[in-house]
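> could you work out the structure for the sequence below:
(one chain, ligands or ions: 2)
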Amino acid sequence: MKHNASCSCGQLKLIYNGEIKRTAICHCFECQKKTGSVFAVHTRLEKSKADIEGKSTEYERIGDEGSKIRLHFCPLCGSTVFHYIDIEGYMDSIIVSVGNFADPTLPAPVFSVYNARKHHWVEIPESVTEQWD
Ligand SMILES: [Zn+2]
Ligand SMILES: [Zn+2]
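Numbers count the residues shown, from 1 in each chain. Ligands and ions are numbered 1, 2, ... in the order given. Prediction:
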């Protein structure tokens, strides 16, 4: 199974050779600023099954737990397609923004995190089984 993600202009592509099993919502302010939306939806995938084509610029920030988060965005259109989290347990993972697949059939989110920063009108979907602030 193949899933294709890309930036707005199409220059930066990510081809995932595997199944997308789970997605998660993040309400943190960094994700709000990253996306320009009021929450982000991500999927954690196996780095070894992801082929990346095109150029990306890396922006590094330090997460709340001290982990290094390395965001990759298209230098032409600015769309952030994927990121890495340099912390134990995540070294084999690549986190991809679900919207970049432009595929409304992908699984509904099972996690919702940083709920303390959730906009008051956003409702957590029924598919979410795990939440934390
Ligand atoms: Zn682009
Ligand atoms: Zn976040």
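
> which residue ranges of this structure form strands?
According to DSSP state E, the chain carries its strands in the segments 2-6, 13-17, 23-26, 40-46, 50-53, 57-62, 68-73, 80-86, 93-97, 109-113, 130-132.

> give the bridge partners for residue 43, please.
Beta-bridge pairing of residue 43 under DSSP bridges involves residue 96.

> burial of residue 120, as a residue count?
Applying other C-beta atoms under 10 Å, we find 4 other residues in the vicinity of residue 120. Bear in mind the C-beta positions are built from the backbone N, C-alpha and C, glycine included.

> what does residue 95 give?
Residues lying near residue 95 (other C-beta under 10 Å) number 20.

> now residue 23
The burial count for residue 23: 19, using other C-beta under 10 Å.

> dig out what it forms beta bridges with.
Beta bridges link residue 23 to residue 109, judged by DSSP bridges.

> any idea how far it is from ligand 2?
Using C-beta to the ion, to the nearest Å, residue 23 is found at 13 Å from ligand 2.

> how far away is that residue from residue 95?
Distance from residue 23 to residue 95, counting by C-beta to C-beta, to the nearest Å: 11 Å.

> which residues do these two both contact?
42, 43 (C-beta atoms under 8 Å, 6 or more residues apart in numbering).

> so which residues on this protein come close to ligand 2?
Within reach of ligand 2 by C-beta under 5 Å from the ion, the chain has these residues: 26, 28, 31.

> which residue, other than its chain neighbours, is closest to residue 34?
Excluding the flanking residues, the one nearest residue 34 by C-beta to C-beta, 6 or more residues apart in numbering is residue 80, at 5.6 Å.

> list the contacts for that neighbour?
If you count contacts by C-beta under 8 Å, 6+ apart, then residue 80 has 34, 35, 71, 72, 73, 97 around it.

> I'd like to know which helix or strand in this structure has the lowest mean pLDDT.
Lowest mean confidence among the helices and strands of the chain (mean pLDDT, DSSP states H and E): strand 130-132, at a mean of 91.

> report all helices and strands that it contacts.
Applying 3 or more C-beta pairs under 8 Å, 6 or more residues apart in numbering; DSSP states H and E, we find strand 130-132 packed against strand 109-113.
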